[in-house]
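Student: Have a look at this fold, sequence not included:
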Ligand SMILES: *[C@@H]1O[C@H](CO)[C@@H](O)[C@H](O)[C@H]1NC(C)=O
Ligand SMILES: *[C@@H]1O[C@H](CO)[C@@H](O)[C@H](O)[C@H]1NC(C)=O
Ligand SMILES: [Zn+2]
């Protein structure tokens, strides 16, 4: 423990023990202690039922899961009722105050039993429809294929616009409209729960997790801040695509047809080989992974090795026994969308991922293992504090590590690259690869929840839902569907997180935070100095740095026991979300793009 910490700790201790706790406060303390133990056991039970269902989508598992979730909700509701008699704002003990506040803000569990079952059923049906979509293969229509791996791979690899358009339409038709009715049912019930918890609507329930009434405004400001960089990247990529596909497929001044961007949702652009400006000797990492006989297990072992190298925890042995790291080949249906799980007792933590041997999947492994590290670092806390400082923190941990992993320096260290090219051409290629991965995601994730806020707020209705969705995607991201979509279609649920009721702003926040974390840990690792071309953020690898690891560990071990600004301060010294670290990382790319776009006479922006 460093001395600054010790002093704060003593100060708090004295401050809190000087004032005599009221009777009420002592009573609440008693209930809260009791609840913690019981809650852990119950969480184990509910998470087990969810896991059994998500990894094996049968009607029986769905029924069992629904029953167990309802039992848990009833329990949580009971706890909240017991604690509702206290005015926690008057409590002296800040930790207790926060615990009671969290325990009485219970979301959907506040609903009546019927409503609770209805919202669960609606989400469960959407999730299951999404997971089971099968479409006829492009080449052989008698064969059926799924999102993972076939459609995902087609988007990443195919350069045939007809094939991409075909899969785009089949996928959105399959996972979209069939979920519309349930989506609006879920929205209505979520708003009802929000009202019962004292919020205006479901948007406020989600925003409340960021514990700052100005948070939505801060996010708007960050979008404005990154817009000039994004527009340069967008203009450059569109120009290259127009050169490749010709003017009949890509118009040089309009929104980019999204099916050409390498990803079903065009959220990250997986088309490096089409847009990299320079031909270099740098090998393609996907083929290196295959050539080196990488397996899913080897990918997970590499990731664990990175975390332990900076002093974080190894995976417990049960992790290796119980995780599912490959798509099972026994005919069962499963939710392939990668996820990390905390079973709350016995250090039981697991990942479920249909891992593919690609660099994208390799980075996802680090992302998921970042969640597991968070679970392990905060497992000494009471269950309600076992969460990210805000939802974005949880999503940023593994991505921060992946920023180091993706540097040529690191790939050379672990034998994925034979040599590191330090010339300017390789550096610009590398930054552009990162640029198309990180920057398009900002308008994508921003719109994804801004849109759902408007649904919760009632400005988006069942009648205008689809055209408004695409209007927003176009306005902020400059992308458009391959064919005209109308309000007879419904496309938002063709993305997992809309079908599965997962708040999405967390990813936007994480994409900003990860650069703040990266910068702070790179400074601690002695790997970054501003304006030193030998020590740039894009080239920083925190591998084996205990100094960086210690700071990350300190932040993780706080869980959600303090407001996120405090947790952020522990690692970065800042208390605000701030896009400057991201802009610093990409500064050389921004300069290069401006010059290049002028040279190419590339159009910037998109006309309607
Ligand atoms: C899937 O769940 C069913 C129960 O619905 C069970 O009989 C079956 O053994 C499970 N399959 C696997 C592979 O766990
Ligand atoms: C404040 O409450 C927390 C949570 O119940 C408890 O662990 C801690 O001991 C309390 N602090 C004091 C000084 O009583
Ligand atoms: Zn995640």
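Tutor: Thanks, I have it. Keep in mind the model is a prediction, meaning the values are calculated, not measured. Ligands and ions are numbered 1, 2, ... in the order given.
Student: Let's test this: mean pLDDT of the one helix or strand residue 191 maps to, rounded?
Tutor: Residue 191 is located in helix 180-196, with elements delineated by DSSP states H and E. For helix 180-196, the per-residue pLDDT values average out at 98.
Student: contact partners of it?
Tutor: Here helix 180-196 makes contact (Cβ atoms under 8 Å, 6 or more residues apart in numbering) with 107-108, 110-111, 115, 118-119, 122-123, 125-126, 200-202, 204-205, 455-456, 462, 465, 490, 492-493, 498-499, 501. In short, each C-beta sits where N, CA and C put it, glycine included.
Student: Can you list the buried residues in it?
Tutor: Taking 16 or more other Cβ atoms under 10 Å as the basis for neighbour counts, the residues of helix 180-196 that come out buried are 180, 182-187, 189-194, 196.
Student: Show the subsequent helix or strand relative to it.
Tutor: From helix 180-196, the next helix or strand downstream (DSSP H and E) is helix 202-208.
Student: Please work out the average pLDDT along that following helix.
Tutor: The pLDDT scores in helix 202-208 average 98.
Student: got a list of what residue 363 touches?
Tutor: Taking Cβ under 8 Å, 6+ apart as the criterion, residue 363 is in contact with 399, 402, 405-406.
Student: now residue 395, nearest residue through space, not along the chain?
Tutor: Of all residues beyond its chain neighbours, the one nearest residue 395 is residue 510 (3.5 Å), with distances taken as Cβ to Cβ, 6 or more residues apart in numbering.
Student: got a list of what that neighbour touches?
Tutor: 392-396, 399.
Student: Distance of it relative to ligand 2?
Tutor: Distance, residue 510 to ligand 2, using Cβ to the nearest ligand atom, to the nearest Å: 29 Å.
Student: helix or strand for that residue, which one?
Tutor: Taking DSSP H and E as the definition, residue 510 sits inside helix 505-524.
Student: Mind checking which of the contacts of residue 363 are in helices?
Tutor: Secondary structure defined by DSSP state H assigns 399, 402, 405 of the contacts of residue 363 to helices.
Student: Test my guess that the last one contacts residue 364.
Tutor: No - contact criterion Cβ atoms under 8 Å: residue 405 and residue 364 do not qualify, at 11.5 Å.
Student: Next SSE downstream of the helix or strand of the chain with the lowest mean pLDDT?
Tutor: The least trusted helix or strand in the chain, going by mean pLDDT, DSSP states H and E, turns out to be helix 3-18, with a mean of 44. On the C-terminal side of helix 3-18, the nearest following helix or strand under DSSP H and E is helix 23-54.
Student: Does that next one reach ligand 2?
Tutor: Yes - contact of helix 23-54 with ligand 2 (Cβ under 6 Å from any ligand atom) involves 29, 32.
Student: Averaged pLDDT, that helix. What do you get?
Tutor: Averaged across helix 23-54, the pLDDT comes to 95.
Student: And that helix, what does it pack against?
Tutor: Helix 23-54 sits against helix 59-83, helix 94-104, strand 339-342, strand 349-352, with contacts defined as 3 or more Cβ pairs under 8 Å, 6 or more residues apart in numbering; DSSP states H and E.
Student: Give me the distance from it to the chain's centre.
Tutor: 26 Å (Cα atoms, centre = their mean, to the nearest Å).
Student: orientation of that helix relative to helix 59-83 in degrees?
Tutor: 170 degrees (axes from the mean of the first three to the mean of the last three Cα atoms, to 10 degrees).
Student: So is helix 23-54 next to ligand 1?
Tutor: No - Helix 23-54 stays out of contact with ligand 1 when judged by Cβ under 6 Å from any ligand atom, the minimum separation being 7.1 Å.
Student: That helix to helix 94-104, inter-axis angle?
Tutor: With the same axes, to 10 degrees as the basis, helix 23-54 and helix 94-104 are set at 50 degrees to each other.
Student: list the buried ones in helix 23-54?
Tutor: Within helix 23-54, the residues scored as buried using 16+ other Cβ under 10 Å are 25, 28-29, 31-32, 35-36, 39-40, 42-44, 46-54.
Student: How far away from the center of its chain is the helix holding residue 191?
Tutor: For helix 180-196, the distance between its averaged C-alpha position and the chain's averaged C-alpha position is 23 Å (Cα atoms, centre = their mean).
Student: what do you get for stretch 179-197?
Tutor: Remark: stretch 179-197 is offset 23 Å from the chain centroid, using Cα atoms, centre = their mean.
Student: Also stretch 420-438?
Tutor: Centroid displacement of stretch 420-438 relative to its chain, using Cα atoms, centre = their mean, is 24 Å.
Student: what do you get for stretch 352-370?
Tutor: Mean C-alpha position of stretch 352-370 versus that of the full chain (Cα atoms, centre = their mean) differs by 13 Å.
Student: Can you tell me the element the residue nearest to residue 450 when sequence neighbours are not counted falls in?
Tutor: Using Cβ to Cβ, 6+ apart and skipping the chain neighbours, the partner closest in space to residue 450 is residue 472 (6.6 Å). Under the criterion DSSP H and E, the helix or strand holding residue 472 is helix 465-477.
Student: Residues contacting that helix, please?
Tutor: For helix 465-477, the surrounding residues in contact (Cβ under 8 Å, 6+ apart) are 180, 223, 234, 255, 258, 266, 440, 443-444, 446-447, 450-451, 454-455, 460, 479-481, 485-492, 606, 608.
Student: ok, and the closest non-adjacent residue to residue 216?
Tutor: Nearest in space to residue 216, with sequence neighbours left out and distances taken as Cβ to Cβ, 6+ apart, is residue 207 at 6.0 Å.
Student: Now for that neighbour, how many residues are close by?
Tutor: Neighbour count for residue 207, taken as other Cβ atoms under 10 Å: 19.
Student: Next, work out how far apart it and residue 245 are.
Tutor: In this structure, residue 207 lies at 40 Å from residue 245, with Cβ to Cβ, to the nearest Å as the measure.
Student: Any stretches of the stretch 351-500 of the chain with poor pLDDT?
Tutor: Along the stretch 351-500 of the chain, segments meeting pLDDT under 70 are nowhere present.
Student: mind listing what the closest residue to ligand 2 within it touches?
Tutor: Nearest to ligand 2, among the residues of the stretch 351-500 of the chain, is residue 382, at 6.9 Å (Cβ to the nearest ligand atom). By Cβ under 8 Å, 6+ apart, the contact set of residue 382 is 32, 36, 99.
Student: can you give me the helices for the stretch 451-600 of the chain?
Tutor: Counting by DSSP state H, counting those that start in this stretch, the segments of the stretch 451-600 of the chain that form helices are 465-477, 496-499, 505-524, 546-556, 564-572, 580-600.
Student: I should have written the stretch 101-250 of the chain there, sorry.
Tutor: Secondary structure of the stretch 101-250 of the chain, counting by DSSP H, counting those that start in this stretch: helices at 113-132, 152-157, 161-175, 180-196, 202-208, 215-245.
Student: how about the second one: buried residues?
Tutor: The one in question is helix 152-157. Of the residues in helix 152-157, 152, 154-156 count as buried by neighbour count, 16+ other Cβ under 10 Å.
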